[in-house]
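> Let's see this in three dimensions:
(one chain, ligands or ions: 1)
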Amino acid sequence: MSRFFTERLRELVPYTPGEQPRDMQYIKLNTNESPFPPSPAVLEAVARESGRLQLYSDPNCRNLTNRLAELYGVSPRQVILTNGSDEVLNFAFQAFADEAHPLAFPDVTYGFYPVFAALNGIPYEEIPLKEDFSIDPADYIGIGKTIVIANPNAPTGLCLSLAEIEQILQSNPNNVVIIDEAYVDFGAESAVGLVDRYENLLVVQTFSKSRSMAGARLGFGIGSPALISDLHTVRYSTNPYNVNRMTEAAGEAALRENDYYMQNCRAICQNREATAKGLRQMGFEVLESRANFLFARSEAIGGECLYQQLKQRGILVRYFSKKRIEDFVRITVGTAEQMEILLNTVKKILEETTP
Ligand SMILES: *Cc1c(COP(=O)(O)O)cnc(C)c1O
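Numbers count the residues shown, from 1 in each chain. Model prediction:
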């Protein structure tokens, strides 16, 4: 740290992204990327657009905004596009939370929430999940704070129902409720249909997981026109060109081939169920995931040990050294072949470590 780093940020603990190792080819099941490549139309669109890189991108991303609005049945004034959904989350924290509107989110959830809160000097409360790792909606009823909930939650994969989300929205009319739907395309119910009824609802989604575009950085928020207008104010005060030309073109092409991506999601859901079954047969407890990952633990082996053993054998999964979840590993659901290798490898590890 330099002696110039401001007092305010000295204590900031940054987010730790999942490993992206370069030492060898791993089966990468640690950052919830899609195992499927982008569709050919996306590759063509990126190549075409790259010839115009001397020009700034459209600060309003009108083409993609209109297409997204159409697909999700909202007005373009209800959509904001960002550099990954991490960016819209950061904008939303800046726009809708402060000392007077502190944040509330689960104690076990996406690791970026406390980081963005700290970066922006926003106080936050971490509300413990229930014993079974689910969110208790009652904890958020009338709480009078700016709420952020990942639905499905990460890294548990568990969901709230839309009725439960509605109760939270209704009981906190003076606070924004952010529903982070990074994994919604893998089998949860989206809250997008509620945005016209609740002016305090902001739904956040991403192209990183279900649409095979983690490396392009594209996310979006959907909410009431007034909420979205506030987010544009923050965006124009940060970086009006936050979505680059190639990414906007890639996003448009991806939406034109929505069926391809939704079919990939169905394949991942099938692989998820088969893998969960295989793990349970080996004695694992596996939470009921509606995402493209599984959160699992076994009494026979600790989370960190399983992570290390898998890594040695060329498979990367995610382990969190955090109280309550240190027995677990989070396994991204990949192709059927990858999951078969995973199950066989776990089986071998268990045989070797338990006499
Ligand atoms: C992956 C993820 C995001 C953000 O991903 P981006 O790549 O920035 O769009 C947001 N929320 C959760 C819960 C995630 O898992």
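> Leaving aside the residues adjacent along the chain, what's closest to the closest residue to the ligand within the stretch 251-355 of the chain?
Nearest residue of the stretch 251-355 of the chain to the ligand (Cβ to the nearest ligand atom) works out as residue 291 at 8.1 Å. Backbone N, C-alpha and C define where each C-beta goes, glycine included. Counting by Cβ to Cβ, 6 or more residues apart in numbering, residue 291 lies nearest to residue 183, which is 3.7 Å off, once chain neighbours are set aside.
> Neighbours of that neighbour, how many?
By the measure other Cβ atoms under 10 Å, the count of residues near residue 183 is 26.
> go on, residue 16?
Using other Cβ under 10 Å, residue 16 has 9 other residues around it.
> give me phi/psi at it?
Per-residue torsions, residue 16: phi -100, psi 110 (degrees, to the nearest 10).
> contacting residues around it?
Applying Cβ atoms under 8 Å, 6 or more residues apart in numbering, we find residue 16 in contact with residue 111.
> So for it, what pLDDT did the model give?
Among the per-residue scores, residue 16 holds a pLDDT of 89.
> how many neighbours does residue 24 have?
For residue 24, the tally of surrounding residues (other Cβ under 10 Å) stands at 6.
> That one contacts residue 314, doesn't it?
Yes - in this structure, residue 24 is within contact of residue 314 by Cβ atoms under 8 Å, at 7.0 Å.
> Show the contacting residues for the residue nearest to residue 291.
Counting by Cβ under 8 Å, 6+ apart, residue 183 has contacts 32, 150, 152, 154, 157, 209, 210, 290, 291, 292, 293.
> Could you say which of those residues is surrounded by the most neighbours?
The most neighbours of any of those, using other Cβ under 10 Å, belong to residue 291, which has 33 neighbours.
> Pull up the gap between that residue and residue 123, please.
Distance, residue 291 to residue 123, using Cβ to Cβ, to the nearest Å: 29 Å.
> beta partners of residue 179?
Here residue 179 sits in beta bridges with residue 149, residue 203, going by DSSP bridges.
> quick one, what contacts it?
Neighbour list for residue 179: 149, 151, 165, 191, 201, 202, 203, 204 [criterion: Cβ under 8 Å, 6+ apart].
> Compute the distance between the fourth one and residue 93, please.
Look at residue 191 and residue 93: by Cβ to Cβ, they are 18 Å apart.
> Show me where this structure has its strands.
Secondary structure of the chain (DSSP state E): strands located at 27-28, 79-82, 103-106, 124-127, 146-150, 177-180, 201-206, 219-223, 285-286, 293-297, 315-316, 328-332.
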